[in-house]
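Chemist: Structure for this input, please:
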Amino acid sequence: MTRIQQQYAFLAECLKLSEIKRQTLLPVSRRRENDAEHSWHLCLMAITLAEHSNVPVDLARVLRMLIIHDLVEIDAGDTYAYDTAGMVGQAEREARAADRIFGLLPAGQGAELRACWEEFEARITPEARFAAAVDRLQPVLLNILTDGAKWREHGVTRAKVVARNQHAQDGAQAVWAHALAMLDDAVLRGVLPEV
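Modeler: Numbering: from 1, shown residues only. From the prediction side, this is the model:
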């Protein structure tokens, strides 16, 4: 295959991201969000909230991570954030998926995107920590906007939400503090049990 044929094969494969359904619901239709919608909304959140990153970040790098980080779910599927059984083997499934999906691209380009995905997963750089913060807080926002429907369905408590997402403060302390306030309000409104 030529370079451009490889790139088009990758782009065609990535369209499958819109077929991956997440547990989170959209606020108006209450249908399940798909991974492509999630990725778009993460990018919009990063653009909007970048000023609240703990340290200045290269927004282009953050956006690059956010737009590709869930591509592995085309093969590995989406694992619900509070499904501990589903998390067993998740890293291995996603690594195999990364091998295949990024392997569709020309070697240098595929390695570059794979490295970007690995940077996001490792959360070592300021950009990765901010990207991870946005990634963790977007479903919190959707759950709040849908009156905790999926939280209630899965028996999720405020304590579980905090435990799962507290590393968001490593990338955006102010955004995390606001999320905590939204969680407190959700508890008061009765849409999220405390424990």
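Chemist: Pull the residues that contact the helix or strand that contains Gln7.
Modeler: Using DSSP states H and E, Gln7 falls within helix 3-14. Residues outside helix 3-14 that contact it (CB atoms under 8 Å, 6 or more residues apart in numbering) are Met1, Leu71, Ile74, Ile101, Leu104, Leu105, Pro106, Gln109, Gly110. Glycine gets a C-beta too; all of them are placed from N, C-alpha and C.
Chemist: try 10 Å
Modeler: Contact partners of helix 3-14, identified using CB atoms under 10 Å, 6 or more residues apart in numbering, comprise 1-2, 36, 39, 67-68, 71, 74-75, 100-110, 113.
Chemist: immediately after it, which helix or strand?
Modeler: Assigned by DSSP H and E, the successor of helix 3-14 is strand 21-25.
Chemist: The residue positioned nearest the centre of the chain - nearest residue in space that isn't next to it in sequence?
Modeler: In the chain, the centroid-proximal residue (CA atoms, centre = their mean) is Asp135; its distance is 3.7 Å. Closest residue to Asp135 apart from its sequence neighbours, by CB to CB, 6 or more residues apart in numbering: Leu42 at 5.9 Å.
Chemist: and that neighbour, how many neighbours?
Modeler: 22 (other CB atoms under 10 Å).
Chemist: got a list of what it touches?
Modeler: Val62, Leu63, Met65, Leu66, Ile67, His69, Asp70, Ala131, Val134, Asp135, Leu137, Gln138.
Chemist: So which of those residues is surrounded by the most neighbours?
Modeler: Busiest of the contacts of Leu42 [other CB under 10 Å] is Ala131, holding 30 neighbours.
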